[in-house]
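*Asks:* Quick one: sequence and predicted model below, then my questions.
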Amino acid sequence: MTLDTQISRRTFGKLAAAGVTAAFVGAPAIVRAQTAITFAVPNPSALTWLPYWVAVGEGYFEEEGLKPTLEAIDGSSAVLQAMSAGQAQIGAPGPGPVLGARARGVDVKFIYNLYPKSVFGLLVKEESEFKQPADLKGKVIGVGTADGAEVSFTRAIMTDLGMKEGTDYTFLPVGDGGTAAVAFLRDEVSCYAGAVSDAAILGARGLKLREITPEAYLGFFGNGIAMLESQMAATPDLAPKFGKALVRGTKFSIDPANKDKALAHCAVGNPQEGEDKDFAASLLTGVIHRMTPTDAFIAQGYGFQPAEHWQEIHDSAVASGALEKPLDDLAAVYTNEFVAGWNA
């Protein structure tokens, strides 16, 4: 069993610089030492990557012949850079950054929809006057990183309201968890665009928050599993095996009888997160809810990506200016080819 390793922005910069050529051409990382692979994620929370840690703990990856190491780095863009630079064979970016990477010529492909319900939400203080996103005109919105998936998610909402970044509102990178709590307490931000794990952490820090995310945007799915197409060609069995282990981990996790074991597996990945039992249990419930497909798509199986949801995310990215122009082939950004096999 392997544990997660934190990479700072400075350390990652060295890795990216060493692989800068690969970042432009999308060169695959070769899986060496038999089955050892690196899985890059944009958030250090183990519970956010619940199926992974359960699959590790229950031996599902081992049964598939894989020996993964999880590397937590800063944001989806850093995850995509790690993949492009050959530092990770597989990663968990958000759909917005993936669209941007494809527009720049990176051969990344989204293969597994890990959060079919949006992992992000717009959070405000419970006592604040803000009732809906339109009330945030002229305000500062806190985000974890300047180029994370939460930025594209929030920008889409504000664009649909006719507001422009820099004119009608501004983003302020404030980190996640504790540092985001400090920004709230100092009134540096009026709202925070956070993941389900951030909401739980802020609540544990004593902040009473309300979510003002419009219902229509909860269908903007969150982070998922992605690979470079060149990596998929170099290691054709990786996606089928990795996804199958994740689906098994998900099915194990959603069984109430396995709650304690699931929490214990995640505590191995992030011991600090597991120290507060009530907090961990609350976060587990939230994560499972966001990872469970809606009734309209549950029959398709875990990992399935609705084409109409991709279209909505793409169109919002174009409208907001996150994408300069529509992609020529949106269908090339994602694939559902492995879903049936994962869920068999």
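*Replies:* Yes, it's here. Residues are numbered from 1 along each chain as shown.
*Asks:* after the helix or strand encompassing residue 290 comes which helix or strand?
*Replies:* Using DSSP states H and E, residue 290 sits within helix 277-291. Past helix 277-291, heading to the C-terminal end, the next element that is a helix or strand (DSSP H and E) is helix 307-320.
*Asks:* Past that following helix, which element shows up next along the chain?
*Replies:* Helices and strands here follow DSSP H and E; after helix 307-320, the next one along the chain is helix 339-343.
*Asks:* Tell me the pLDDT of residue 30.
*Replies:* Per-residue confidence (pLDDT) for residue 30: 45.
*Asks:* pLDDT value on the most centrally placed residue in the chain, please?
*Replies:* Nearest to the centroid of the C-alpha atoms of the chain, with distances taken as CA atoms, centre = their mean, sits residue 223, at 2.9 Å. According to the predicted model, the pLDDT of residue 223 comes to 90.
*Asks:* cool, residue 275 as well?
*Replies:* 88.
*Asks:* What of residue 117?
*Replies:* pLDDT recorded at residue 117 is 83.
*Asks:* That one - how many residues pack around it?
*Replies:* Around residue 117 there are 16 other residues, counting by other CB atoms under 10 Å. Every residue, glycine included, has its C-beta placed from N, CA and C.
*Asks:* Next up, the contacts around the closest residue in space to it that isn't next to it in sequence.
*Replies:* The spatial neighbour of residue 117 that comes closest, neighbours along the chain excluded (CB to CB, 6 or more residues apart in numbering), is residue 290 at 4.6 Å. Residue 290 sits next to 115, 116, 117, 118, 119, 196, 222 when contact means CB atoms under 8 Å, 6 or more residues apart in numbering.
*Asks:* What ranges does this structure have for its strands?
*Replies:* Read by DSSP state E, the chain holds these strands, from start to end of the chain: 5-6, 36-41, 67-72, 90-91, 108-112, 120-125, 139-143, 169-173, 191-195, 209-211, 225-228.
*Asks:* now for those, which one comes closest to residue 300?
*Replies:* Ranking these by proximity to residue 300 (CB to CB) places strand 108-112 first, at 12.4 Å.
*Asks:* Residue most distant from the centroid, the chain?
*Replies:* When distances are taken from the C-alpha mean of the chain, residue 129 lies farthest, 29.6 Å away, according to CA atoms, centre = their mean.
*Asks:* Just give the number of residues close to the spatially closest residue to that residue that is not a sequence neighbour.
*Replies:* Excluding its sequence neighbours, the residue lying closest to residue 129 (CB to CB, 6+ apart) is residue 135, at 6.9 Å. Around residue 135 there are 15 other residues, counting by other CB under 10 Å.
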